[in-house]
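[1] sequence first, then the predicted structure, then my questions.
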Amino acid sequence: MELPTNLMKLINLYHLDIKGIRLNQMPSQMGKLSKLQTLTDFSVGTQNGSSIKELGEQKCLEGKLRIWMLQNVDDAQDALGANLEGMTDLKKLDLRWSDDAYVSIDEHLIHQLKPHVNVCCLVNVGYGGSRFPTWLINSCLVDLRLSGCHCFSLQPLGQLACLKRLHIKAFDKVERVGYEF
């Protein structure tokens, strides 16, 4: 359920593979592990846990990153501090909101979670906003997987020029699919 609170003392740690372990939150001060190249999962905490902006210190991350519990982000500015756009070696980004059927969120939050253009696979699960972010249209995504989102329209997805795989599941609110499809 939790990682040790003194984990941040391992300042020379390069790999933290915790996939398959559902943590409630990360220990505070995860940003001190600035040499991490592998961080499979990051659970956004509440009050005593790690803020999403701690990811902003992880400039060496590569491969895949799954961010859990995004509904715990209080302020869209904190998401901007995560600096996902600065993670040039990240290839797959997985954004996950609560397992609840619907979580009310600040739609500005997802706009601040813009990944670097090198990200070729995006997974988005449980996003409660009514529309996709504008950065999605300008991305070079090859693989897009959407599940349990509450968007009303799929219009921008037809404009993804590099897209080869699109997986959509449990989109109960869709009212319109654009002519691009």
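    Received it, and whenever you're ready, just let me know what you need.
[2] hang on, G126 packs against K169?
    No. G126 lies out of contact with K169 (CB atoms under 8 Å); the separation is 11.2 Å. C-beta here means a position set from N, CA and C on the backbone, and glycine is covered the same way.
[3] which one of the two has more residues nearby?
    More crowded of G126 and K169, by other CB atoms under 10 Å: G126, with 23 against 10.
[4] check the gap between the nearest residue to that one once chain neighbours are set aside and G129 for me.
    Spatially, and ignoring its direct neighbours in sequence, G126 is nearest to W97 (3.6 Å; CB to CB, 6 or more residues apart in numbering). Distance, W97 to G129, by CB to CB, to the nearest Å: 10 Å.
[5] between these two, which is the more surrounded one?
    Per other CB under 10 Å, whichever of W97 and G129 has more neighbours is W97, with 27 against 19.
[6] bridging residues for R176?
    S153 (DSSP bridges).
[7] show the pLDDT at it.
    pLDDT for R176: 76.
[8] same deal with H167?
    94.
[9] got the phi and psi for it?
    The phi and psi values for H167, taken as degrees, to the nearest 10, are phi -120, psi 120.
[10] going forward, the N-terminal residue is numbered 108.
    Sure thing, new numbering starts at 108, so read that last one as H274.
[11] lowest confidence element among the helices and strands of this protein?
    In the chain, the helix or strand scored least confidently by mean pLDDT, DSSP states H and E is helix 214-219, which has a mean of 88.
[12] now it: how far from the chain's centre is it?
    Centre-to-centre, helix 214-219 and its host chain are 11 Å apart (CA atoms, centre = their mean, to the nearest Å).
[13] how about stretch 178-187?
    12 Å.
[14] nearest spatial neighbour of E282, chain-adjacent residues omitted?
    Nearest to E282 is F259, by CB to CB, 6+ apart, at 4.9 Å.
[15] same check on L216?
    Using CB to CB, 6+ apart, the nearest residue to L216 is A183, at 4.7 Å.
[16] for this structure, which segments are assigned as helices?
    Secondary structure of the chain (DSSP state H): helices located at 183-188, 214-219.
[17] which parts of the last one are buried?
    Within helix 214-219, the residues that qualify as buried are 216-219, counting by 16 or more other CB atoms under 10 Å.
[18] which pLDDT does the model give the residue nearest to L216?
    88.
[19] and it, how many residues sit next to it?
    17.
[20] how about it, what does it touch?
    213, 215-216, 218-219 (CB atoms under 8 Å, 6 or more residues apart in numbering).
[21] name the nearest of those residues relative to L140.
    Within those, proximity to L140 (CB to CB) peaks at Q219, which comes in at 22.2 Å.
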